[in-house]
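# sequence-free structure coming up:
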């Protein structure tokens, strides 16, 4: 299985290493494993979660809401996006 370090993941996603560390600190995106050298390693599942986080951030959602959406045991990406569209549409008058 392919793994990425914090700096590799940050470079791939276009975010700062500090932002990536913050996501870990608040439990939004935790590493798949931590090596003996304390380096964090991320797999494909974490990469996909980061992609979802960045999508929801681009839509203007706060990190706390993103975490709640992604951690919901009944999470469905399509339903989540439809709900966000309804919320933002009602706020913009659409």
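Thanks, I have it. What you see is a predicted model; the values in this text were computed from it and never measured. Residues are numbered from 1 along each chain as shown.
# Okay, helices next: where are they in the chain?
Secondary structure of the chain (DSSP state H): helices located at 6-13, 17-25, 44-58, 63-71, 77-92.
# do you know which of those lies nearest residue 38?
Among these, helix 6-13 comes nearest to residue 38, with 10.7 Å by C-beta to C-beta. (C-beta placed from N, C-alpha, C; glycine too.)
# what helices or strands is the closest one leaning on?
helix 17-25, strand 40-42, helix 44-58 (3 or more C-beta pairs under 8 Å, 6 or more residues apart in numbering; DSSP states H and E).
# looking at the ones you listed, which is buried most?
Of all those, strand 40-42 carries the top mean neighbour count, a mean of 21, counting by mean count of other C-beta atoms under 10 Å.
# between the helices and strands packed on helix 6-13, which one is nearest to residue 81?
When the helices and strands packed on helix 6-13 are compared by C-beta to C-beta, helix 44-58 sits nearest residue 81, at 8.5 Å.
# Mind putting the helices of the chain into TSV with mean pLDDT?
Listed next are these as TSV, based on pLDDT from 0 to 100:
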stretch	mean pLDDT
helix 6-13	90
helix 17-25	93
helix 44-58	94
helix 63-71	93
helix 77-92	70
